[in-house]
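Chemist: model the following, please.
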Amino acid sequence: MIRKTTLALTLIIAVLALGACGKKEEAQPQAQTAAPVEQKPTITPGEMVLIPAGEYIIGTNEMNPENKKESNTAYPEHKVKLKAFWIDKYEVTFKEYLDFSIKTSYVPEGDSEGKTWRTFFAPDKANSPVVYVTYKDSEAYCKADGKRLPTEEEWEAAARGPNGNRFPWGNEWIDNKANTAETGNLKPADVGQFDDVSAFGVHDMLGNVTEWTASWYKPYPGNKSGGFNANWRVVRGLSYLYKGSKFNGLWVRSAYLPNYLAYFGCRCAKDATPDEAAKAAPAK
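Modeler: Residues are numbered from 1 along each chain as shown. Sure thing, here's the model as predicted:
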């Protein structure tokens, strides 16, 4: 009888032990894979991108969408041969312009009117593109850094890439790629925060802020539409104020008097040395 009771107790203990083990296994949480976190690029002040020498598509043969005539100031599409050059990967930031101003004691052109970049600067905007700089202000910054403003042809080549894209990323509009009005942001963003990146790796060429170039506003060969002014400097790109989806393309040209103050910024360029040009990948 004792043996039977002992055997029964042993079996009960064994069953309970197996049940406890099962519960422990069930209680163990399953390992979960964390969702990947999107990494924004590390911004290096003054970083530049080497644009190879080559033949680039400039302008367009598309008609002005408002009147369907050849009044588009970017008419006609044509190709230009460019030597290799460097262009800033990002727009010049408030912090960079502040450092320049301190080092050189530069007085902005609109200082007497109280309308300069200082009016719009705040510590939380240090990495946003500098605005309210004139052509002269932009040129002074670039020269102090051993650079220059890009020509509009260089700017367009860097933005459209070797295939002459309509937008930096391709030929089809994609929402929220650039800091344009569609985002609802309605203010300049820190440089490099949007996927507004050209085939060459240059950032914020469609949205964020409009940029000064070194070029005077003259018609392309074959354009007889009028409205040009050789005393105006060309600016390129859209800003957070305008809808990119309604934008014709990166070939669009605008121009203003060199001392005009608005939400315009800049980026710099410089010539590539022969050795640098030889190492650059050819434009395809």
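
Chemist: quick one: the helices in the stretch 101-250 of the chain?
Modeler: 135-144, 152-160 (DSSP state H, counting those that start in this stretch).

Chemist: could you tell me the phi and psi values at the residue nearest to Glu47 when sequence neighbours are not counted?
Modeler: Spatial nearest neighbour of Glu47, chain neighbours left out: Lys89 (4.5 Å); criterion: Cβ to Cβ, 6 or more residues apart in numbering. In this view, the C-beta of every residue, glycine as well, is placed from N, C-alpha and C. With angles defined as degrees, to the nearest 10, Lys89 sits at phi -70, psi -30.

Chemist: check contacts around Lys89.
Modeler: Shown in contact with Lys89 (Cβ atoms under 8 Å, 6 or more residues apart in numbering): 44, 47-49, 192, 201-203.

Chemist: in strands only, show me these.
Modeler: The members of the contacts of Lys89 that map onto strands under DSSP state E are 48-49.

Chemist: strands of the chain, start to end?
Modeler: Under DSSP E, the chain gives strands at 48-51, 54-58, 78-82, 85-88, 210-217, 229-236, 254-256, 264-265, 269-271.

Chemist: okay, the residue lying closest to Asn231 once chain neighbours are set aside and Trp232: tell me how far apart.
Modeler: In space, and not counting its chain neighbours, Asn231 is closest to Leu257: 6.9 Å by Cβ to Cβ, 6+ apart. Distance check for Leu257 against Trp232: by Cβ to Cβ, to the nearest Å, it reads 6 Å.

Chemist: more neighbours: these two, which one.
Modeler: For Leu257 and Trp232, the more surrounded residue by other Cβ atoms under 10 Å is Trp232, and the numbers stand at 18 against 12.

Chemist: where's the residue nearest to the spatial centre of the chain relative to Asn223, distance?
Modeler: For the chain, the residue nearest the mean C-alpha position is Asp204 (1.3 Å; Cα atoms, centre = their mean). Computed with Cβ to Cβ, the distance linking Asp204 and Asn223 is 28 Å.

Chemist: so what's Phe194 up against?
Modeler: 176-179, 183, 203-204, 207-208.

Chemist: ditto for Leu50
Modeler: If you count contacts by Cβ under 8 Å, 6+ apart, then Leu50 has 84-86, 272, 276, 279-280 around it.

Chemist: make it 7 Å
Modeler: By Cβ atoms under 7 Å, 6 or more residues apart in numbering, the residues touching Leu50 are 84, 86, 272, 276, 280.

Chemist: can you select the buried ones among the residues you listed for me in PyMOL?
Modeler: Per 16 or more other Cβ atoms under 10 Å, the buried members of those correspond to this PyMOL selection:
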select buried, resi 84+86+272+280
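
Chemist: biggest separation within the contacts of Leu50, which pair?
Modeler: The distance between the two most remote of the contacts of Leu50 (Cβ to Cβ) is 9.7 Å, for Trp86 and Ala280.

Chemist: what residues do the two have in common as contacts?
Modeler: Common neighbours of Trp86 and Ala280 (Cβ under 7 Å, 6+ apart) are 50, 272.

Chemist: where in the chain is pLDDT low?
Modeler: By pLDDT under 70, the weakly predicted segments of the chain are 1-41, 64-71, 282-284.

Chemist: what's the spacing between the residue lying closest to Tyr56 once chain neighbours are set aside and Ala280?
Modeler: Computed as Cβ to Cβ, 6+ apart, the closest residue to Tyr56 that is not its neighbour in sequence is Ala157, at 4.0 Å. Distance, Ala157 to Ala280, by Cβ to Cβ: 13 Å.

Chemist: same thing with Leu149?
Modeler: Distance, Leu149 to Ala280, by Cβ to Cβ: 21 Å.

Chemist: kindly report the same for Gly161.
Modeler: Taking Cβ to Cβ, one finds Gly161 at 14 Å from Ala280.

Chemist: now swap in Ser245 and tell me
Modeler: Ser245 is 33 Å from Ala280, by Cβ to Cβ.

Chemist: got it, and Lys187?
Modeler: Distance from Lys187 to Ala280, counting by Cβ to Cβ: 36 Å.

Chemist: returning to what we had before: quick one, which of the contacts of Lys89 are buried?
Modeler: 48-49, 192, 202-203.

Chemist: kindly check the end-to-end length of stretch 177-193 for me.
Modeler: 10 Å (Cα to Cα, to the nearest Å).
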